[in-house]
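In: my questions are about this predicted structure, shown below with the sequence.
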Amino acid sequence: MSKVDEFLKSEKNKYGKLYVDINYAIDNVSPFLEESTLRSRKYVAKASVLKKYIDLLQATESEISKGGFFSRFNNDKYIDLLNDYKKDNSESLNQLEKCSKCKCLNCTADCKFDSCLACRDNSCTVFCDHKKANVSKPENFILDLTNNRTGGNDRYMVLGILQDVELDTKYIIIENIITKEKFILYYYPGISEDSYGEISNPEEFDFIVSTFQSIEE
């Protein structure tokens with residue numbers, strides 16, 4: 001098998017499955033959601049990017065097959081063109097991969113949470129009880145925060161963001177990149193800058209810990 005054949009096979013397997021999963025979800029939820037709610041779902045807005053890539057893969061395969069056996073070799077130009085498209089649309093394609101694993105994908109419940117409207121790039125919902133709490137997990141979300149004990153700046157990996165709709169409150173779970181110490185803070189997303197606060201209520205803290213631990217298990 002030539003290099004371009006291997007590339008096309010791998011891409012069709014990966015993105016073909018993703019295309020089926022996303023479009024199945026759209027067909028599945030469309031009859032039960034308001035049009036405005038459906039349009040707000042990230043995977044609906046970004047589905048056309050994936051469709052175009054699938055079309056490009058099929059067009060490339062067709063073009064190569066017309067050229068005969070020897071056209072399958074020294075065809076790095078096709079691979080480069082396809083990789084260029086993926087690079088130019090990496091944000092949408094990466095998000096669609098996250099969406100395919102999201103708890104919201106096939107959900108038709110009357111949603112009380114912020115859902116896609118507050119979902120960070122390259123993030124998805126990993127837990128939702130449909131009543132009180134949901135948790136989203138971003139990828140490679142790093143915070144630079146002041147360490148209250150040392151007064152210096154530390155870097156933290158965001159492990160999850162929990163929304164409690166009963167308390168109308170959000171929390172952020174972070175881990176110090178160096179010490180691996182974990183913290184839970186109030187989370188206040190802003191237009192230009194987010195802010196954070198310490199939690200003093202032990203019941204709130206215990207609920208977040210138990211919810212997050214159940215996901216980790």
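Out: In hand now; what should we look at?

In: tell me which element residue 156 is part of?
Out: strand 153-164 (DSSP states H and E).

In: Provide the strand pairings for that strand, with the direction of each partner.
Out: Applying DSSP bridges, strand 153-164 is found paired with strand 133-138 (antiparallel), strand 142-146 (antiparallel), strand 169-176 (antiparallel).

In: tell me the contacts of residue 182?
Out: The contact partners of residue 182, by C-beta atoms under 8 Å, 6 or more residues apart in numbering, come to 159, 173, 174, 175, 176. C-betas here are computed from N, CA, C, even on glycine.

In: now the two most distant members of these.
Out: 173 and 176 (12.0 Å; C-beta to C-beta).

In: that older thread, lowest-confidence stretch among the strands paired with strand 153-164?
Out: When those are compared on mean pLDDT, strand 142-146 scores lowest, with a mean of 90.

In: for that one, list every residue counted as buried.
Out: Across strand 142-146, burial judged by 16 or more other C-beta atoms under 10 Å covers residue 143.

In: so which of the contacts of residue 182 would you say is closest to residue 99?
Out: Closest to residue 99 out of those is residue 159 (19.9 Å), distances taken as C-beta to C-beta.

In: I figured that closest one hits residue 173, correct?
Out: Yes. Contact status for residue 159 versus residue 173: in contact at 4.5 Å, counting by C-beta atoms under 8 Å.

In: what residues do these two have in common as contacts?
Out: Between them, residue 159 and residue 173 share these contacting residues under C-beta under 8 Å, 6+ apart: 182, 212.

In: these two: which is more packed in?
Out: Just comparing residue 159 and residue 173: by other C-beta atoms under 10 Å the higher neighbour count belongs to residue 173, 23 against 19.

In: next, the contact list for that one, please.
Out: Residue 173 neighbours (C-beta under 8 Å, 6+ apart): 158, 159, 160, 161, 162, 182, 183, 184, 208, 212.

In: report the buried members of the residues you listed.
Out: Neighbour-count burial (16+ other C-beta under 10 Å) applied to the contacts of residue 173 gives 158, 159, 160, 161, 162, 184, 208, 212.

In: how about JSON lines for those residues, with pLDDT and distance to residue 135 added?
Out: Shown next, in JSON lines, are the buried ones among the contacts of residue 173 (pLDDT from 0 to 100; distance: C-beta to C-beta, whole Å):
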{"residue": "158", "pLDDT": "96", "distance to residue 135": "12"}
{"residue": "159", "pLDDT": "95", "distance to residue 135": "9"}
{"residue": "160", "pLDDT": "95", "distance to residue 135": "5"}
{"residue": "161", "pLDDT": "96", "distance to residue 135": "7"}
{"residue": "162", "pLDDT": "96", "distance to residue 135": "5"}
{"residue": "184", "pLDDT": "95", "distance to residue 135": "12"}
{"residue": "208", "pLDDT": "94", "distance to residue 135": "9"}
{"residue": "212", "pLDDT": "91", "distance to residue 135": "7"}
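
In: sweet, I'm off.
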